[in-house]
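K.L.:
Got a predicted model here, sequence first, then my questions.
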Number of protein chains: 2
Amino acid sequence: MALTPARTMPGVLELLPLDQIAFQRMLDVIRRNYERFGFLAIETPVIEYSDVLLTKSGGETERQVYFVQSTGALGKADEGMPELALRFDLTVPLARYVAEHERDLSFPFRRYQMQKVYRGERAQRGRFREFYQCDIDVIGKDSLSVRYDAEIPAVIYSVFRELAIGPFTIQLNNRKLMRGYFESLGIVDGEQQMLVLREVDKLDKRGADYVRDTLTGEAFGLSTEVATSILAFVQVRSTSLQDAFDKLDALGAGPEAMEQGRNELKEVLGLIHAFGVPETHYALNLSIARGLDYYTGTVYETTLNDHPQIGSICSGGRYENLAGQYTKSHLPGVGISIGLTRLYWQLRDAGLIDTAKSTVDVLVTQMDEAQLPAYLALAGELRGAGIATEVVLEGGKLGKQFKYADRAGIRFVVVLGEDELARGVVTVKDLRREDQFEVARGELVKTLRVELEQAAAMG
Amino acid sequence: MALTPARTMPGVLELLPLDQIAFQRMLDVIRRNYERFGFLAIETPVIEYSDVLLTKSGGETERQVYFVQSTGALGKADEGMPELALRFDLTVPLARYVAEHERDLSFPFRRYQMQKVYRGERAQRGRFREFYQCDIDVIGKDSLSVRYDAEIPAVIYSVFRELAIGPFTIQLNNRKLMRGYFESLGIVDGEQQMLVLREVDKLDKRGADYVRDTLTGEAFGLSTEVATSILAFVQVRSTSLQDAFDKLDALGAGPEAMEQGRNELKEVLGLIHAFGVPETHYALNLSIARGLDYYTGTVYETTLNDHPQIGSICSGGRYENLAGQYTKSHLPGVGISIGLTRLYWQLRDAGLIDTAKSTVDVLVTQMDEAQLPAYLALAGELRGAGIATEVVLEGGKLGKQFKYADRAGIRFVVVLGEDELARGVVTVKDLRREDQFEVARGELVKTLRVELEQAAAMG
């Protein structure tokens, strides 16, 4: 029989075990922090009805959707859109979930969801067709206090502090403030504001001159004065909470939307501090606009101070109405998303991921086949104490067993030979410290437990 | 705009938050135990190349596969099988993974994988189109000692003991023993053995008379004597380890395959005991055949003693060669699968799932809006101590806040009003014990931590 080449499609990130463990540790940290703030887990199916997923779709989304057909439905082309599709984000499924289960949920509904989404991207380095999103959202019924906008950065802070991937800054802006400021410059039309915002979004990549030229060029026809004002506005960054307040005040009076946006920002910035986030870790950044049209108030981006090229590692904001396409209920919300697959890939690329540690703590070696029951009993004891233990069931040279442990990232190797058995001790090799010690058989579990707890506490 | 009805397709299990928490707890228990035995996590993409997934497929599988097409590929019917499909199990992806990454893996390779799989089943109560499989396998290179067949039941025991869903029995058989025994009765043809086995599989559902009639009927044409021998064989159950040995011996001498199977079973049964599994929790059951053709040695099923109608909750066995369709390497293995979605659904149906506990431990209420910073500080302290805490950001009547906590399954509600603030205390309401107590503000974290640790220790 001819062999089929074993391969995966481009755009998926399949990891070897030690990499997978590092990835899983990040997932665990995110989940733990989401739960610590009272967010509740939900999972939604990967496959949804196409008409449910694509109610709101613009062209871009629909071009990237994967459609699904069971065998029976194959070959029936030209019958319009297939009935089923794979989710392309977690926000649309959340909207559907909340609308479907509204009567069974308590509001404000804090939910987290950490699942994979699918997009038919063109194959390209760093573009994923399957990737994890780790989302939190708070959904209100009828209304939702702007205070929730301050809780989200507290969660972001907690997550990225524990992930320990370097110093980071949560950057905030408010769409109402932007809108009002644009109105004060005479750019009143919402459509044109969006187009200007899209240009302004290119500031980091293209530079101020490029953006100014575009804004004063034919397509926009703004005066140099207005373009300069816009560029000054979007370059506002705060260095402290007081500085943020001062810079917001320095913008001067403006139309209602601007005042509302400024008040919201001030309240949110102040509360973030009350949530315990240090001033070093969040800032006003009036260039943050977020591409999506549906953010209406606070918007967030988070960047790694030492790795600006990675871009935003966690983004989101406040929206007016989550599920208008499914229900008449008014459901405002605020949330963020961490695209973990891409983030992990970027961090690994930058050498910031430690992939040397296994989930296996101990390898019990096999010196003497006849002593297998003793090895199994020892392994059982260790496992009973919560220590992840692999036991060598098929012997071989001890050196080979050590090499196996080393390659597999297992820290402790336990040796129980004839000599040790006679003396009632166990030899423990610590592959991390490149050290070995003897311990009384009865003390082994306790000793390893202490070592492992210390290692865990040190990260 | 007309509303789109919010709904999911039939055959998916979407859970409300408290149910999701109960489900997630089961996933966590399984994962923790898999890791404790040294199994390593892998994840594979949901979408695979169709030719990779369907190399081995029989008719049944292919009829149930979901094919995937990105938008660009739509409408191109009659061009044969679509390029992409959703995985229908975790075994084929494991085979592909091991063949693809063979050089980067250490053997024996112990992997676990807990992900969802997809099957285009007909919509029917208890049949799922999307469901979790929680698999472990040990894959050897060239050979794999039968000792690994004894480790698997030790993992099963550890998982189901901690899941605490009632007494269970891991049932074992060996396909070589069966094959040899059939040979000794003159049923030498492998094909016919399979057909007989399939009939014998109906024993529980149809009864001995039905099976005997079929075996002696036209289709099989066996003598009454042979049919009776087969029925006696498959009704062998052991009550203890010694009983299992005795019953295996009582089968009498047979051809080589039978002797080999008997020796393997004896070694495995004995070692399971050395792994610390009590004799009450595993047994010889010579009726276990497993439908799949590719099991070649030990086979397992696990049943809940008090709920036989649920059927096997965890099944698997030993196979000769994992990935022959992708690689010339000989990769024997042994493994099991827990179909958690179906199991959860059945347990919930039987009232065996406790869905009353939230992941949120504490609700900090809002008595006085002006004290919000104090509430946030308190919540921050609790979170810092690892206590999952939700804080009410939008006030309202205290009674309503209590009701919210109760409905949400949150055990502790913290009240910090004017009176408490003046006296330096906090009132804690324990909604589980329907009790309340006062504690000094500085003692709150410690007190709740102790309470929660006790509750966790008690399950």
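P.N.:
Great, that's in hand.
K.L.:
which phi and psi does A:L54 have?
P.N.:
Note on A:L54: its backbone torsions stand at phi -110, psi 20 [degrees, to the nearest 10].
K.L.:
shouldn't it be in contact with A:F67?
P.N.:
No: with contacts counted by C-beta atoms under 8 Å, A:L54 stays clear of A:F67, the gap being 10.1 Å. (Each C-beta comes from the backbone N, C-alpha and C, glycine too.)
K.L.:
Find residues that contact each of the two.
P.N.:
Here A:L54 and A:F67 share the contacting residues A:M81, A:A85, scored by C-beta atoms under 8 Å, 6 or more residues apart in numbering or on different chains.
K.L.:
quick one: which helix or strand includes the closest residue to chain B within the stretch 301-450 of chain A?
P.N.:
Nearest residue of the stretch 301-450 of chain A to chain B: A:E390, at 2.9 Å (C-beta to the nearest C-beta). If you go by DSSP states H and E, A:E390 is part of strand A:389-391.
K.L.:
quick one: contacts for A:I136?
P.N.:
Neighbouring residues of A:I136 by C-beta under 8 Å, 6+ apart: A:Y34, A:F37, A:F39, A:R110, A:R111, A:Y112, A:I152, A:V155, A:G335, A:I336.
K.L.:
Equivalent analysis for A:K202, please.
P.N.:
A:Y210, A:V211.
K.L.:
sorry, back to before: check the contacts of A:I136 against chain B, which are close?
P.N.:
With the criterion set as C-beta under 8 Å from any C-beta of the partner chain, the members of the contacts of A:I136 near chain B are A:F37, A:R110, A:R111.
K.L.:
same for the helix or strand hosting the last one, what does it pack against?
P.N.:
Under the criterion DSSP H and E, the helix or strand holding A:R111 is strand A:109-118. Strand A:109-118 makes packing contacts with helix A:17-36, strand A:40-41, helix A:91-101, strand A:130-139 when contacts are defined by 3 or more C-beta pairs under 8 Å, 6 or more residues apart in numbering or on different chains; DSSP states H and E.
K.L.:
Just send the ones you listed back as CSV, with mean pLDDT too.
P.N.:
Formatted as CSV, those follow (pLDDT from 0 to 100):
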stretch, mean pLDDT
helix A:17-36, 97
strand A:40-41, 97
helix A:91-101, 98
strand A:130-139, 98
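K.L.:
Between these, which one is closest to B:Q260.
P.N.:
Across the helices and strands packed on strand A:109-118, B:Q260 has its closest neighbour in helix A:17-36 (33.0 Å, C-beta to C-beta).
K.L.:
Can you pull out the residues in contact with the closest one?
P.N.:
A:15, A:41, A:112, A:114, A:132, A:134, A:136, A:155, A:158-159, A:162-163, A:338, A:340, A:344, A:348, A:353-359, A:408-409, B:40-43, B:105, B:111, B:359-360, B:383, B:386-389.
K.L.:
and that helix, which residues are buried?
P.N.:
A:17-26, A:29-31, A:33-36 (16 or more other C-beta atoms under 10 Å in any protein chain shown).
K.L.:
relative to strand A:130-139, how tilted is it?
P.N.:
Compare the direction of helix A:17-36 with that of strand A:130-139 by axes from the mean of the first three to the mean of the last three C-alpha atoms, to 10 degrees and you get 10 degrees.
K.L.:
before we move on, back to that, and the contacts of helix A:17-36, which are buried?
P.N.:
Neighbour counting by 16+ other C-beta under 10 Å classes A:15, A:41, A:112, A:114, A:132, A:134, A:136, A:155, A:158-159, A:162-163, A:338, A:340, A:344, A:348, A:353, A:355, A:357-359, A:408-409, B:40-43, B:105, B:111, B:359-360, B:383, B:387-389 among the contacts of helix A:17-36 as buried.
K.L.:
mind putting the helices and strands packed on strand A:109-118 in TSV, distance to B:S329 included?
P.N.:
Formatted as TSV, the helices and strands packed on strand A:109-118 follow (distance: least, C-beta to C-beta, whole Å):
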stretch	distance to B:S329
helix A:17-36	18
strand A:40-41	40
helix A:91-101	41
strand A:130-139	27
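K.L.:
so which of the ones you listed comes closest to B:Y148?
P.N.:
When those are compared by C-beta to C-beta, helix A:17-36 sits nearest B:Y148, at 17.7 Å.
K.L.:
relative to helix B:91-101, how tilted is that closest one?
P.N.:
If you take the same axes, to 10 degrees, helix A:17-36 sits at 130 degrees to helix B:91-101.
K.L.:
Mind listing the residues bridging to A:V425?
P.N.:
Beta bridges link A:V425 to A:A440, judged by DSSP bridges.
K.L.:
from memory it sits against A:V439, does it?
P.N.:
Yes: A:V425 is in contact with A:V439 according to C-beta under 8 Å; the separation is 6.5 Å.
K.L.:
mind giving me the domain split of chain A?
P.N.:
With domains defined by automatic domain parsing, chain A comprises A:14-139, A:140-320, A:362-457.
K.L.:
Next, the distance between the ends of the last one.
P.N.:
Distance across domain A:362-457, first residue to last, is 18 Å (C-alpha to C-alpha, to the nearest Å).
K.L.:
Need the ones next to chain B among the contacts of A:I136 in JSON lines (columns: pLDDT).
P.N.:
Listed next are those as JSON lines, based on pLDDT from 0 to 100:
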{"residue": "A:F37", "pLDDT": "98"}
{"residue": "A:R110", "pLDDT": "97"}
{"residue": "A:R111", "pLDDT": "98"}
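K.L.:
for the residues you listed, which one is nearest A:P93?
P.N.:
Nearest to A:P93, judged by C-beta to C-beta, of those is A:R111 at 10.8 Å.
K.L.:
Bridge partners for the closest one, pull those for me.
P.N.:
A:L40, A:D137.
K.L.:
list the contacts for it?
P.N.:
Counted by C-beta under 8 Å, 6+ apart, A:R111 has contacts A:F39, A:L40, A:A41, A:I42, A:L94, A:Y97, A:I136, A:D137, A:I139, B:P17.
K.L.:
how does it look with 7 Å?
P.N.:
A:F39, A:L40, A:I42, A:L94, A:D137 (C-beta atoms under 7 Å, 6 or more residues apart in numbering or on different chains).
K.L.:
ok, so what distance separates it from A:L398?
P.N.:
Using C-beta to C-beta, to the nearest Å, A:R111 is found at 52 Å from A:L398.
K.L.:
again with A:L382
P.N.:
19 Å.
K.L.:
Kindly report the same for A:Y319.
P.N.:
Taking C-beta to C-beta as the measure, A:Y319 and A:L398 are separated by 61 Å.
K.L.:
what about these two, which has more around it?
P.N.:
More neighbours surround A:Y319 than the other of A:Y319 and A:L398, with 24 against 15 (other C-beta atoms under 10 Å in any protein chain shown).
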